[in-house]
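Asks: Generate a structure from the sequence data that follows.
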Amino acid sequence: MGDFFVGYYILYSFFFIIILLDLIGGFFNRKLLYLKFQDFFLFLFLIAFYILLANRSVNVGADTERYVRHYENMIYHGGDVYGSDFGFNILNKLLIYINVSPQYYLFFLSLLFVVPVYYAFKKFENVNKVYLLWFFSSLFIFISMSTNVLRQGIGGAFIMLGVSLYLNNKNNSKRFIIPFLIAPFFHFSCLLAVFVFFTSKYVSDKIVYLILFLSILLSYLGFNLNTLLVNLPIVGGLFLDRMDGYLNDNIKGYKTGFRIDFLIFNLFFIILGYYISRLKGVSDRYKKYNFVYRVYVLLTSYFIMMFNIPFSDRFGILSWIFIPFLIYPIYEMNNLQYYKLKLFSVCLGFSLFLIFNVIGV
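Replies: Coordinates of the predicted model:
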């Protein structure tokens with residue numbers, strides 16, 4: 001386990017040094033040479049991270065060993081499928097068909113996370129992609145999605161790819177829909193993020209904030225949204241299947257109830273996103289920004305409503321994967337007016353990395 005985290009800390013530190021050098025260059029109004037090779041640096045970071053992921057011990061990530069054992073059971077005992085996640089079941093069957101041994105199982109799972117993430121950040125233009133990927137890797141979900149909640153991590157990575165394709169779509173192509181269609185097949189919860197993404201444009205800003213306020217109030221009063229979802233026609237059974245999986249896990253020691261820590265975290269990025277949306281030039285140059293911002297607020301509202309069940313953070317991931325898309329305008333390469341905000345984001349990212357990944361709060 002130690003080898004994985006030591007390797008990741010070294011990798012993270014290397015790119016943090018690049019970020020610091022870029023900040024110094026920006027202070028003196030100079031651009032560094034690496035900006036011409038951003039795609040290479042993205043590839044370098046993620047290929048190094050992939051090597052760490054694919055070769056990690058099964059003790060890295062609370063669920064890693066369970067996934068490997070389940071795959072072994074499918075090979076040697078004809079084990080069962082994994083609930084409602086059809087894409088994951090098909091993947092396992094395919095790997096068994098081509099005789100992939102359990103020893104190399106993580107090589108394929110890790111690839112399905114890293115590849116969508118790489119292309120999600122690679123698609124951005126006129127934005128410092130290295131900054132953006134580095135900030136994402138500073139969040140605790142980066143490690144969690146890739147080592148712990150593997151199915152949801154893969155589904156979340158495809159959602160990020162879909163959002164990126166949408167934001168960087170210049171010819172009204174509908175290709176961005178494909179990753180959104182793939183994501184729920186790896187984790188059913190991703191269907192909610194997809195639904196919110198395609199319906200939020202019909203919700204006004206005032207309604208979005210009203211929903212947020214009501215979700216906070218109801219969650220504080222102890223309302224359990226899960227009891228409503230499992231009784232929905234057609235999809236209720238799928239929700240029940242998903243929730244039973246969480247509720248039957250070992251939940252000893254998991255904090256439930258109104259989570260003020262999660263609330264503050266998500267509200268902070270709502271406030272930050274609102275501030276960025278009001279910056280001069282953002283609404284003109286990034287016309288889809290407010291749309292993505294509304295999606296984040298609505299998914300945050302859903303997350304807040306799930307505070308009263310165990311493992312509510314797994315629903316938080318649906319909103320947290322949108323955080324990079326809340327801050328990307330401040331990493332515009334040809335604009336120095338956001339320098340102070342960029343400096344703030346670096347301090348914030350490094351602080352979050354220390355708090356959640358090193359100290360382990």
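Asks: all contacts plus neighbour counts: C-alpha atoms, from now on.
Replies: Noted.
Asks: model confidence over stretch 278-286, on average?
Replies: What stretch 278-286 shows for mean pLDDT is 87.
Asks: go on, stretch 203-223?
Replies: Here the average pLDDT along stretch 203-223 is 93.
Asks: Now do that stretch: distance to the chain's middle.
Replies: Here stretch 203-223 shows a centroid-to-chain-centroid distance of 23 Å under the convention CA atoms, centre = their mean, to the nearest Å.
Asks: Going by neighbour count, list what's buried in it.
Replies: For stretch 203-223, a neighbour-count test (16 or more other CA atoms under 10 Å) marks Asp205, Val208, Ile211, Leu212, Ser215, Ile216, Ser219, Tyr220, Phe223 as buried.
Asks: Tell me if the last one really is in a helix.
Replies: The reference is to Phe223. No. The assignment for Phe223 by DSSP: H, G, I helix; E, B strand; the rest coil gives coil, which leaves it out of any helix.
Asks: Was I right to think it contacts Ile304?
Replies: No. Here Phe223 lies out of contact with Ile304, judged by CA atoms under 8 Å, at a distance of 10.3 Å.
Asks: and the gap between Asp39 and Tyr118?
Replies: Separation of Asp39 from Tyr118 (CA to CA, to the nearest Å): 9 Å.
Asks: repeat for Asn357
Replies: 21 Å.
Asks: How many neighbouring residues does Leu132 have?
Replies: 21 (other CA atoms under 10 Å).
Asks: Near Val60, how many other residues are there?
Replies: Residues near Val60, counting by other CA under 10 Å: 19.
Asks: from what I can see it touches Val149, true?
Replies: No. Assessed by CA under 8 Å, Val60 is found out of contact with Val149, at 11.6 Å.
Asks: Spatially nearest residue to Ile75 (excluding sequence neighbours)?
Replies: Nearest residue to Ile75 in three dimensions, chain neighbours excluded: Ile96, at 6.5 Å (CA to CA, 6 or more residues apart in numbering).
Asks: out of the buried residues of stretch 203-223, who's nearest Pro179?
Replies: Closest approach to Pro179 among those (CA to CA): Val208, at 25.2 Å.
Asks: Could you check which helix or strand contains the closest one?
Replies: helix 205-220 (DSSP states H and E).
Asks: Now name the helix or strand holding the residue nearest to Ile75.
Replies: Going by DSSP H and E, Ile96 is part of helix 86-97.
Asks: Report all helices and strands that that helix contacts.
Replies: helix 177-186 (3 or more CA pairs under 8 Å, 6 or more residues apart in numbering; DSSP states H and E).
Asks: Next secondary structure after the helix it packs on?
Replies: In N-to-C order, the element after helix 177-186 by DSSP H and E is helix 190-199.
Asks: Show me what the host helix or strand of Phe344 is in contact with.
Replies: Here Phe344 sits within helix 339-352, counting by DSSP H and E. With CA atoms under 8 Å, 6 or more residues apart in numbering as the test, helix 339-352 has contacts from Ile19, Leu23, Gly26, Phe135, Ser138, Leu139, Phe140, Ile330, Tyr331.
Asks: Now for the residues you listed: which two are most distant?
Replies: Farthest apart among these - using CA to CA - are Gly26 and Phe140, which lie 27.6 Å from each other.
Asks: ranges for the helices of the stretch 1-150 of the chain?
Replies: All helices of the stretch 1-150 of the chain, identified by DSSP state H, counting those that start in this stretch, fall at 2-27, 38-54, 64-77, 86-97, 105-122, 129-138, 140-147, 150-167.
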